[in-house]
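**Student:** All I have is the shape, not the residue letters:
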């Protein structure tokens with residue numbers, strides 16, 4: 001008999017996430033002492049769990065979920081203490097050499113058992129699909145309807161008046177800036193972060209194209225001449241192109257003056273205005289639109305040419321405007337959100353992408369002249385775009401690169417990749433970054449995959465992909481809470497994200513496929529590692545954002561089957 005949650009209860013064995021009600025296994029979300037990636041594992045890659053709490057004799061077993069057969073037995077690592085979580089006796093359970101495909105759970109006698117999980121080559125395919133569904137749900141300017149796990153989610157057409165030109169002295173006029181993704185739990189659209197998120201998606205396309213090209217997504221454009229993955233990227237590009245002004249510069253954002261309350265997208269009715277242009281926004285636009293021109297060229301040459309032309313106009317504006325231009329605090333105060341930053345790093349990314357697009361030697365010189373003292377940032381985010389340019393430069397097959405610059409950047413990349421691997425091996429929950437925590441730390445964990453994957457292209461090493469897997473494990477349940485950090489995926493996912501469509505639609509679970517930010521800002525009494533609150537009011541730890549989703553899409557795409 002198969003329950004509503006897809007578990008076969010006929011054999012009498014329920015997972016840690018289920019309780020028996022008559023003959024059925026019913027989802028209960030009870031705490032688990034055996035914490036692991038509840039989505040699953042690739043057959044030939046690392047498989048680990050963390051045991052916390054209880055009195056363990058040091059043994060564990062992998063059980064077949066259908067009939068409770070013991071298929072693997074192992075011994076836990078020696079007990080250790082976690083300074084981050086103030087736990088003692090935490091142990092690692094490693095069953096990496098168990099490669100059978102199927103559905104299983106881990107049992108630690110006398111302590112507890114894990115949620116069910118799969119071992120399969122395609123275990124990350126649905127992860128990518130659901131994360132992409134999360135982006136589809138963030139679409140602005142059109143009605144959205146999606147289904148997931150037996151639930152339906154929808155919002156009406158929204159923000160069709162974007163965007164008024166108050167700050168251009170033309171308050172009765174608009175520049176059409178429709179479409180794109182709502183940035184986070186709010187409804188703003190920001191060129192800086194929107195370009196960053198899309199840039200990570202397009203880098204994933206460059207590196208993992210064969211797998212992503214086959215991916216079928218439940219979006220309106222499904223099945224056309226352009227692959228579904230690129231169709232979703234195009235929706236963001238359609239908005240970005242509308243942000244460019246006649247002189248080639250690019251407006252920084254479209255937002256209201258104050259954040260909306262917990263209303264649906266179509267209930268967000270306050271006036272939304274186009275901000276002034278900035279060189280930072282222009283540079284980020286140039287970078288990602290140039291990258292898009294390369295990605296789309298095999299499928300729609302005319303569209304790709306329009307992207308290349310928009311990038312060239314933006315680049316010409318940057319070359320004619322050498323100084324950083326950004327609005328003052330008086331203007332900033334009339335828009336929501338952060339994402340204000342200086343433009344050196346953004347210009348560097350733009351230069352790398354323009355050079356990679358058309359071989360512009362001036363752009364190459366601009367990049368190499370300014371990158372001399374730059375090192376890879378292992379924890380980069382929207383304020384620091386250098387890494388995006390550095391990845392493009394190192395992966396480029398174009399001739400003319402400086403051997404000295406290549407050597408320096410490669411050493412920096414390998415240093416970071418080595419550190420990330422060391423952190424993951426030493427951490428009781430496999431976290432591949434240092435013990436620091438800050439707003440959006442889960443996005444940083446996901447982005448660690450970018451260092452590891454690029455390093456793996458330059459010098460293949462199976463430990464790189466294993467560390468990407470450990471980072472995904474952490475996000476999908478192998479963490480202090482034993483819970484998935486992604487709505488609608490895995491064991492006990494977030495129920496109350498800071499996400500206005502979810503907050504407004506109280507009749508359904510939260511919208512699926514959204515990565516929350518994770519632990520942030522603890523106190524002396526509560527270590528920061530314990531400062532995740534599944535509470536829609538806690539935007540510091542439980543908001544969602546497209547740059548976090550895009551990073552996790554990249555990481556999961558790195559694990560997709562290649563044939």
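**Tutor:** Received, thanks. Just so it is clear, the structure is predicted and the values come from calculations on it, not from any experiment.
**Student:** what's the pLDDT at residue 228?
**Tutor:** According to the prediction, residue 228 has pLDDT 98.
**Student:** repeat for residue 29
**Tutor:** 57.
**Student:** Quick check: closest non-adjacent residue to residue 86.
**Tutor:** residue 527 (6.1 Å; CB to CB, 6 or more residues apart in numbering). No exception for glycine: its C-beta is placed from N, CA and C like everyone else's.
**Student:** Please name the residues that touch residue 368.
**Tutor:** Taking CB atoms under 8 Å, 6 or more residues apart in numbering, we find residue 368 in contact with 401, 402, 405.
**Student:** From residue 551, how far out is the second one?
**Tutor:** What it means is residue 402. Residue 402 sits at a distance of 29 Å from residue 551 (criterion: CB to CB, to the nearest Å).
**Student:** what stretches of this structure score poorly on pLDDT?
**Tutor:** Counting by pLDDT under 70, the chain has low-confidence residues at 1-31, 522-525.
**Student:** For the residue nearest to residue 319 when sequence neighbours are not counted, the count of nearby residues, please.
**Tutor:** Distance criterion CB to CB, 6+ apart; nearest residue to residue 319, sequence neighbours excluded, is residue 362 at 7.8 Å. Using other CB atoms under 10 Å, residue 362 has 12 other residues around it.
**Student:** ok, and for the helix or strand containing residue 362, which residues are buried?
**Tutor:** Assigned by DSSP states H and E, residue 362 belongs to helix 361-370. Across helix 361-370, burial judged by 16 or more other CB atoms under 10 Å covers 363, 364, 366, 367, 368, 370.
**Student:** got it, and stretch 506-520?
**Tutor:** For stretch 506-520, using 16+ other CB under 10 Å, the buried residues are 509, 510, 511, 512, 513, 514, 515, 516, 517, 518, 519, 520.
**Student:** now do stretch 196-215
**Tutor:** Under 16+ other CB under 10 Å, the buried positions of stretch 196-215 are 196-205, 207-209, 211-212, 215.
**Student:** Which of the residues you listed fall within helices?
**Tutor:** Residues of those located in helices (DSSP state H): 196-205, 207-209, 211-212.
**Student:** show me where the stretch 51-200 of the chain has helices.
**Tutor:** 125-137, 191-214 (DSSP state H, counting those that start in this stretch).
**Student:** could those go into a markdown table alongside distance to residue 90?
**Tutor:** What follows is the helices of the stretch 51-200 of the chain, written out as a markdown table (distance: least, CB to CB, whole Å):
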| stretch | distance to residue 90 |
| --- | --- |
| helix 125-137 | 26 |
| helix 191-214 | 32 |
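**Student:** So for residue 182, which of those sits nearest?
**Tutor:** With respect to residue 182, and counting by CB to CB, the nearest of the helices of the stretch 51-200 of the chain is helix 125-137 at 8.9 Å.
**Student:** what's that closest one packed up against?
**Tutor:** strand 144-148, helix 228-242, helix 546-557 (3 or more CB pairs under 8 Å, 6 or more residues apart in numbering; DSSP states H and E).
**Student:** Need the winner for burial among the ones you listed.
**Tutor:** helix 546-557 (a mean of 28; mean count of other CB atoms under 10 Å).
**Student:** Quick check: which helices or strands does that one pack against?
**Tutor:** helix 125-137, helix 191-214, helix 441-458, helix 462-475.
**Student:** Nearest to residue 272, out of these?
**Tutor:** helix 191-214 (14.3 Å).
**Student:** For stretch 288-299, buried residues please.
**Tutor:** Buried, per 16+ other CB under 10 Å, within stretch 288-299: 288, 289, 290, 291, 292, 293, 294, 295, 296, 297, 299.
**Student:** Quick one: the residues you listed as CSV, columns for distance to residue 559 and secondary structure too.
**Tutor:** CSV is the format used below for those (distance: CB to CB, whole Å; DSSP: H, G, I helix; E, B strand; the rest coil):
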residue, distance to residue 559, secondary structure
288, 24, helix
289, 28, helix
290, 28, helix
291, 22, helix
292, 24, helix
293, 28, helix
294, 24, helix
295, 21, helix
296, 25, helix
297, 27, coil
299, 25, coil
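**Student:** Residue 163: what's it in contact with?
**Tutor:** 174, 175, 177, 251, 254, 272, 273, 274.
**Student:** a strand runs through the fifth one, doesn't it?
**Tutor:** Yes - the assignment for residue 254, made by DSSP: H, G, I helix; E, B strand; the rest coil, places it in a strand.
**Student:** That one touches residue 276, doesn't it?
**Tutor:** No - using CB atoms under 8 Å, residue 254 is not in contact with residue 276; the gap is 12.0 Å.
**Student:** who has more neighbours, these two?
**Tutor:** A count of neighbours by other CB under 10 Å puts residue 254 above the other of residue 254 and residue 276, at 29 against 19.
**Student:** Apart from its chain neighbours, what residue comes closest to the more buried one?
**Tutor:** residue 163 (4.3 Å).
**Student:** Can you list the buried residues in stretch 88-103?
**Tutor:** Of the residues in stretch 88-103, 90, 91, 92, 93, 95, 98, 103 count as buried by neighbour count, 16+ other CB under 10 Å.
**Student:** now, which of these sits nearest residue 428?
**Tutor:** Once CB to CB is applied, the member of the buried residues of stretch 88-103 that ends up nearest residue 428 is residue 90, at 4.4 Å.
**Student:** so what's the closest one bridging to?
**Tutor:** residue 80 (DSSP bridges).
**Student:** Would you mind measuring from it to residue 505?
**Tutor:** 38 Å.
**Student:** Residue 309 now?
**Tutor:** To residue 505, residue 309 is 40 Å away according to CB to CB.
**Student:** now do residue 142
**Tutor:** Per CB to CB, residue 142 is found 17 Å from residue 505.
**Student:** So which residues of the stretch 401-550 of the chain form helices?
**Tutor:** Using DSSP H, counting those that start in this stretch, helices in the stretch 401-550 of the chain cover 403-426, 441-458, 462-475, 500-504, 539-542, 546-557.
**Student:** Counting neighbours, what do you get for the spatially closest residue to residue 452 that is not a sequence neighbour?
**Tutor:** Once flanking residues are discounted, residue 452 sits nearest to residue 464: 4.3 Å by CB to CB, 6+ apart. The burial count assigned to residue 464 is 22, neighbours taken as other CB under 10 Å.
**Student:** Now tabulate the buried residues of stretch 288-299 in TSV and tack on distance to residue 393.
**Tutor:** Shown next, in TSV, are the buried residues of stretch 288-299 (distance: CB to CB, whole Å):
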residue	distance to residue 393
288	16
289	18
290	13
291	13
292	18
293	17
294	14
295	17
296	21
297	20
299	25
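**Student:** Among these, which one sits closest to residue 562?
**Tutor:** So of these, ranked by how close each gets to residue 562 (CB to CB), first place is residue 295, at 18.7 Å.
**Student:** Verify the stated contact: that closest one with residue 205.
**Tutor:** Yes - counting by CB under 8 Å, residue 295 touches residue 205, with 5.4 Å between them.
**Student:** which residues do the two both contact?
**Tutor:** Going by CB under 8 Å, 6+ apart, residues that sit against residue 295 and also against residue 205 are 230, 233.
**Student:** all strands of the stretch 251-400 of the chain, in order?
**Tutor:** 253-255, 273-274, 277-278 (DSSP state E, counting those that start in this stretch).
**Student:** Using TSV, please lay out the helices of the stretch 401-550 of the chain together with distance to residue 111.
**Tutor:** Output for the helices of the stretch 401-550 of the chain, formatted as TSV (distance: least, CB to CB, whole Å):
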stretch	distance to residue 111
helix 403-426	23
helix 441-458	27
helix 462-475	19
helix 500-504	34
helix 539-542	28
helix 546-557	30
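**Student:** Out of those, flag the one nearest residue 225.
**Tutor:** helix 546-557 (21.5 Å).
**Student:** May I have the residues that are in contact with the nearest residue to residue 370 once chain neighbours are set aside?
**Tutor:** In this structure, residue 370 finds its nearest non-sequential neighbour in residue 348, 5.7 Å apart by CB to CB, 6+ apart. Applying CB under 8 Å, 6+ apart to residue 348 gives the contacts 366, 367, 370, 371, 374, 385, 386, 389.
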